[in-house]
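S.K.: just to be clear, the model below is a prediction. Sequence and coordinates:
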Amino acid sequence: MSGRRTGAVVLVLGMILALAACGRSDEEGGGESAAASQAPEVDTEAASGEISVWAMGAEGENLDVLADAYMADNPDVTVKVTAVPWDAAHDRIVNAIAVQHLHGSPAIVVDFETATAFDIIAADGAYSGTVIAPGLALAAEALFQHTSRLQRFELTKPKAVIGKDTISALLSGAVLGHVALVEGLIIRIRAELGSPAIVVATGELASLVAEQTSSIDRVEPWLAHVGLRLFYELNQGHHGHR
């Protein structure tokens, strides 16, 4: 096993099981099958290197026990397990894979959709967690839906911070208020990480917010699509670490 870092992302428990079985003697089945006799010889030496495992749901919560047992048998191996909740798994995984490939780590992906989600990737490439705030469009629509005299307004770049009429005041508060939320959370996340992580924005409203702040380093409108492609390639075994 090579010591390549987190370019390969393992998402299933079966991969660790396969590693645990790798290189062990053929004790079951009473003899070699035709397929086994044609298989390449397996290295029986102790494994070494680093394995990063992202596991979803209950698997992720219980995988540490198996990882500890595997490391006990293979002292030169480090297994890092990141548990990802089922309800967050897919978006979080593809964003983390893509930003690691495009910009490295540590990184903060700010995804501007119905909610504004901050996905945090640590320096070693592992998914660290997420912060979820109400989205910009959702907050603006809530103002219209839950107040009797405020109008619905289009989300565009405010001309000034201080509004001169109701629409400009609403626009400034919604857009620049959300910008302030983003800037404040980035400061707090970086402080907790202890490193100046790159900030990458994606999602429908990423460009609008990024124009109003210097806290966002890159805008990647198709980040999730890049992550899906890389995820496919990783699972097909076609993608080398770059």
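M.R.: Sure thing, it's come through. Residues are numbered from 1 along each chain as shown.
S.K.: how is the protein carved up into domains?
M.R.: 1-84, 90-242 (automatic domain parsing).
S.K.: what about stretch 147-162, start to end distance?
M.R.: Using Cα to Cα, to the nearest Å, one end of stretch 147-162 lies 21 Å from the other.
S.K.: Gly104 versus the residue nearest the centre of the chain, what's the distance?
M.R.: Within the chain, one residue has its C-alpha closest to the average C-alpha position: by Cα atoms, centre = their mean, that is Ala96, at 2.9 Å. Plainly put, Ala96 is 12 Å away from Gly104 if you go by Cβ to Cβ, to the nearest Å. Every C-beta, even on glycine, is put in place using the N, C-alpha and C of the backbone.
S.K.: quick check: neighbours shared by those two?
M.R.: Counting by Cβ atoms under 8 Å, 6 or more residues apart in numbering, Ala96 and Gly104 have no contacts in common.
S.K.: CSV please, covering the domains of the chain and showing mean pLDDT.
M.R.: Below are the domains of the chain laid out as CSV (pLDDT from 0 to 100):
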stretch, mean pLDDT
domain 1-84, 59
domain 90-242, 88
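S.K.: name the stretch among these that sits most buried.
M.R.: domain 90-242 (a mean of 17; mean count of other Cβ atoms under 10 Å).
S.K.: that one: how far from the chain's middle?
M.R.: 13 Å (Cα atoms, centre = their mean, to the nearest Å).
S.K.: where exactly do the helices run in the protein?
M.R.: 13-21, 34-38, 57-73, 89-103, 136-145, 166-193, 206-210, 223-236 (DSSP state H).
S.K.: who wins for proximity to Ala47 among the ones you listed?
M.R.: Among the helices of the chain, the nearest to Ala47 by Cβ to Cβ is helix 13-21 (6.9 Å).
S.K.: so who does Leu170 touch?
M.R.: Contact analysis of Leu170 by Cβ under 8 Å, 6+ apart lists Ala140, Leu143, Leu150, Gln151, Phe153, Gly163.
S.K.: let's see 6 Å
M.R.: The contact partners of Leu170, by Cβ atoms under 6 Å, 6 or more residues apart in numbering, come to Phe153.
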